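Visitor: got a sequence here, can you model it:
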Amino acid sequence: MSKIGTELKNTESFLKKEDSYKNIFRKLKAASETVKLGGGKTAIEKHKAKGKLTARERVAKLVDNEKEFYEMSLFAAYGMYEEYGGAPSSGTIFGIGKIHGRMHVIVANDATVKAGAWFPITAKKNLRAQEIAIENNLPIIYLVDSAGVFLPLQDEIFPDKEHFGRVFRNNAVMSSMGIPQIAAIMGPCVAGGAYLPIMSDEALIVEGEGSVFLAGAHLVRAAIGEVIDNDSLGGAVVQSNVSGVTDYIMKNDDECIATIRSIVSKSGERGKAGFDRTESRPPKFSQSEIYGILPEDTLKTYDTYEVIARIVDDSEIDEYKAGYGKSLITAYARIDGWAVGLIANQRTISKTELGEMQVGGVIYSDSADKAARFIMNCNQKKIPLLFLQDVTGFMVGSRAEHGGIIKDGAKMVNAVANSVVPKITIIIGNSFGAGNYAMCGKAYDPRFIFAYPNAKIAVMGANQASSVLLDIKIKQAEKKGHHVSAEEKKKILDDITNSYEESSHPLYAAARLWVDEIIDPALTRSYISMAIEAANNNPEIKKFNPGVIQT
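Guide: Coordinates of the predicted model:
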């Protein structure tokens, strides 16, 4: 074991970077508080006037400790659907929390946002919640209060493979897998959305507020001429005592939540994967010091060992091939007692044994080869993988191409793709190009993927992309016989850069669910520990076949 990390917090450079990062985090925190208001204070007051709890209040009462509820995709739909008044958090809350000490995925419709209607990104968010439940073998609880599909966008949510219907397909798949699903109907549950709670294993319904039917009273009258009210059509008493569709009648939200907790408390123990865990030991340095390590400009260098020293237990690692492929750090470590295999982009400029210089954040052939071998080792030993991404891509140029960078890069991508142990990814800086793939981006099935508030996700950096796009626009103009002046060039470049910076911002990524959540660096250990604990609930870890990866 080797100790890593040095005292940095009293230096001028540290304090300057810390102040810059805290400013970024303050802006993110302010945005999150606005999102958590859902449809706004007026909508919340109307909702509570009906005697109902808000979605966040329901979740808080359901879990053992609301401070230990790990919300996912808080910023879903951020900045989207503005022509319809927006959809804060896509009108849905979901995350992982413990009920009687056992992890559950919890999904709750926020009826203060367009009556809990489903936007296209709402369906994607619900599918992600189900995916997490399936991958980690976690029971799932749905707190339903929704008017169904948002009709103006029905063509973007209804017919395709990853649309609304996939949710109900997943209900059936999870039941066949033995993953418990409990649904509480705490408001309207209409049309296709009625299948979600009824395809769950058990369904509770709140009297006076909950209703479930394929067509509401207005549509029934229009379709067949029958005049009836919603409660008589599909209210709690009708669906529980007459049709037998639901299983429990609840007087109010509080009783409903208490009953769910009681039902959950009687569940038997489930199998575990058996990932190794010992007593947790804190790092030698505070996690909050990460604020003062990461640079204001994400293209500037820093020592990634200093970040790792503030995450791993006792600031201690067993580094694999320490002197080889130095642009990637590969090491065994523990985080909150859990054994992990760590793969991190080293952001300093280093010198190889042959005297060659390696630029920080770039993956070279030797680094890719090292990482592929390390991934196989972790699979063989059943050790979860943690990727700390701050990557600008693979090395380019004649020397790299002649050295087989594509072949070695393919090895690493192959290893990541075929790895069967849980993978957790945190984007702590840049995530550009094929580096995103090699370091287990969203396309490579990480069990969880998080981002720091300074993260940038794009096919390349803004400066390079802007230069390329500017050249294209100038050539297009010249083909039409127009000479682009210096002033026009500057305006075009500024517009391109601003647009590119916006689309590579972590809020843009979080809005579209490219990451599960933007996290506070000071809570990194907590999120990693939660992710491994969740993954440990699925005992189905396949036997690793080293023949899959060619070395």
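
Visitor: in this structure, where's the longest helix?
Guide: helix 12-35 (DSSP state H).

Visitor: list the buried residues for it?
Guide: Buried residues in helix 12-35, defined by neighbour count with 16 or more other C-beta atoms under 10 Å: 14, 17-18, 20-21, 24-25, 28, 31, 35. Every residue, glycine included, has its C-beta placed from N, CA and C.

Visitor: output that helix as CSV, restricted to C-alpha atoms.
Guide: Extracted in CSV, the C-alpha atoms of helix 12-35 (Å, rounded to 0.1, in the frame of the first residue of the first chain):
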residue,chain,number,x,y,z
GLU,A,12,-2.8,30.9,-2.6
SER,A,13,-3.5,28.7,-5.7
PHE,A,14,-5.7,26.4,-3.7
LEU,A,15,-7.7,29.2,-2.1
LYS,A,16,-8.3,30.8,-5.5
LYS,A,17,-9.5,27.6,-7.1
GLU,A,18,-11.6,26.8,-4.1
ASP,A,19,-13.4,30.2,-4.3
SER,A,20,-14.0,29.7,-8.0
TYR,A,21,-15.4,26.2,-7.5
LYS,A,22,-17.7,27.2,-4.6
ASN,A,23,-19.1,29.9,-6.8
ILE,A,24,-20.0,27.3,-9.5
PHE,A,25,-21.6,25.1,-6.8
ARG,A,26,-23.6,28.0,-5.3
LYS,A,27,-25.2,28.6,-8.7
LEU,A,28,-26.0,24.9,-9.1
LYS,A,29,-27.5,24.8,-5.6
ALA,A,30,-29.7,27.8,-6.4
ALA,A,31,-30.9,26.1,-9.5
SER,A,32,-31.7,22.9,-7.6
GLU,A,33,-33.8,24.8,-5.0
THR,A,34,-35.9,26.2,-7.8
VAL,A,35,-36.4,22.8,-9.4
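
Visitor: if you count contacts, what does it end up packed against?
Guide: Under the contact criterion of 3 or more C-beta pairs under 8 Å, 6 or more residues apart in numbering; DSSP states H and E, helix 12-35 touches no helix or strand at all.

Visitor: tell me the mean pLDDT over the following helix or strand past it?
Guide: Of the helices and strands lying after helix 12-35 in sequence (DSSP states H and E), the nearest is helix 41-49. Confidence for helix 41-49, expressed as mean pLDDT, is 96.

Visitor: export helix 41-49 as CSV, just CAs?
Guide: Output in CSV follows, covering the C-alpha atoms of helix 41-49 (Å, rounded to 0.1, in the frame of the first residue of the first chain):
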residue,chain,number,x,y,z
LYS,A,41,-45.6,27.7,-4.6
THR,A,42,-49.1,28.4,-5.8
ALA,A,43,-49.4,24.9,-7.3
ILE,A,44,-48.1,23.4,-4.1
GLU,A,45,-50.7,25.3,-2.0
LYS,A,46,-53.5,24.0,-4.2
HIS,A,47,-52.2,20.5,-4.0
LYS,A,48,-52.0,20.6,-0.2
ALA,A,49,-55.5,22.2,0.1
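
Visitor: and the contacts of that helix?
Guide: Helix 41-49 is contacted from outside by 37-38, 54, 111-113, using C-beta atoms under 8 Å, 6 or more residues apart in numbering.

Visitor: so which of the buried residues of helix 12-35 comes closest to residue 288?
Guide: Nearest to residue 288 among the buried residues of helix 12-35: residue 18, at 8.5 Å, using C-beta to C-beta.

Visitor: may I have the phi/psi pair for the nearest residue to that closest one once chain neighbours are set aside?
Guide: Leaving aside its sequence neighbours, residue 18 sits nearest to residue 292 (C-beta to C-beta, 6 or more residues apart in numbering; 3.5 Å). Backbone torsions for residue 292, taken as degrees, to the nearest 10, come to phi -90, psi 0.

Visitor: what's the burial count for residue 406?
Guide: 14 (other C-beta atoms under 10 Å).

Visitor: over to residue 228?
Guide: 12.

Visitor: wait, it touches residue 216, no?
Guide: No. Applying C-beta atoms under 8 Å as the test, residue 228 and residue 216 come out as separate, 9.7 Å apart.

Visitor: about what we covered before: and the contacts of the longest helix of the chain?
Guide: So helix 12-35 is contacted by 8-9, 74-75, 78, 88-89, 289, 291-296, 453-454, 507, 518, 520-521 (C-beta under 8 Å, 6+ apart).

Visitor: now, of those residues, which are buried?
Guide: Counted by 16+ other C-beta under 10 Å, the contacts of helix 12-35 give 8, 74-75, 78, 88-89, 289, 291-295, 453-454, 507, 518, 520-521 as buried.

Visitor: can you tell me the SS state at residue 145?
Guide: strand (DSSP: H, G, I helix; E, B strand; the rest coil).

Visitor: apart from its chain neighbours, what residue comes closest to it?
Guide: residue 187 (3.1 Å).

Visitor: what does the model give the one you found for pLDDT?
Guide: 93.

Visitor: let's verify it: helix, strand, or coil?
Guide: strand.

Visitor: any idea how far it is from residue 140?
Guide: 19 Å (C-beta to C-beta, to the nearest Å).

Visitor: now do the same contact list for residue 536.
Guide: Counting by C-beta under 8 Å, 6+ apart, residue 536 has contacts 272-275.

Visitor: switch the cut-off to 6 Å
Guide: 272-273, 275 (C-beta atoms under 6 Å, 6 or more residues apart in numbering).

Visitor: neighbours around residue 226, how many?
Guide: Counted with other C-beta under 10 Å, residue 226 comes out at 10.

Visitor: please apply the same query to residue 399.
Guide: 11.

Visitor: quick one: residue 234 and residue 211 touch, right?
Guide: Yes. Counting by C-beta atoms under 6 Å, residue 234 touches residue 211, with 4.9 Å between them.

Visitor: ok, back up a step: could you dump the buried residues of helix 12-35 to a markdown table with distance to residue 539 and pLDDT?
Guide: Converted to a markdown table, the buried residues of helix 12-35 look like this (distance: C-beta to C-beta, whole Å; pLDDT from 0 to 100):
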| residue | distance to residue 539 | pLDDT |
| --- | --- | --- |
| 14 | 44 | 94 |
| 17 | 43 | 95 |
| 18 | 43 | 95 |
| 20 | 45 | 95 |
| 21 | 40 | 95 |
| 24 | 40 | 95 |
| 25 | 38 | 94 |
| 28 | 37 | 96 |
| 31 | 39 | 97 |
| 35 | 36 | 98 |
